[in-house]
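J.: please find the sequence and the predicted model below.
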Amino acid sequence: MSYRRAHYLTLCAGITCIASCMPPAPPVPPTVPTPALSEEDLKPEERPDITITDLEEVSSPDHKVVTVTGTLVNRGMGATREVYVRVEALNREGAVVATADSDTIGGRILPGATARFSVRLENRADIERYHVEALAR
């Protein structure tokens, strides 16, 4: 046997050995059928939507305190829980010069229902307007 042929056979045997030592290809995962699409009725989100109406500012007889009153209207689809009102007194430049919170509005405000609130603040000469918002805890 010639040197070339022996070298060729050794090379072929080496390649066969390397090819047989390779790990087999991973199996192809089975395909999962895609579920059919369907429609379902979604329930409307039951959230409260509070609007503040009928704002009024009443000064005390001695003009030291002002009381801001109004009505909360729940125009949403869900009842409220633990709602309170924050009143910020603003000066001409829009800076907050006084802040006060109402007590928690008792009970729940059901959809379509109303509740009254009142907040007392120090009556200051530099108060130009009020920012009033309803907050929930």
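T.: Alright, I've got the coordinates. Numbers count the residues shown, from 1 in each chain.
J.: use CA for all of it now, contacts and neighbours both
T.: Fine.
J.: tell me the secondary structure for Val87?
T.: At Val87 the chain is in strand, as set by DSSP: H, G, I helix; E, B strand; the rest coil.
J.: do I have it right that it meets Val96?
T.: No - assessed by C-alpha atoms under 8 Å, Val87 is found out of contact with Val96, at 9.9 Å.
J.: who's more crowded, these two?
T.: Neighbours per residue, other C-alpha atoms under 10 Å: of Val87 and Val96, the larger number sits with Val87, 22 against 16.
J.: tell me the contacts of the more buried one?
T.: Val68, Thr99, Ala100, Asp101, Val119, Tyr130, His131, Val132, Glu133 (C-alpha atoms under 8 Å, 6 or more residues apart in numbering).
J.: out of those, flag the one nearest to Thr31.
T.: Glu133 (55.5 Å; C-alpha to C-alpha).
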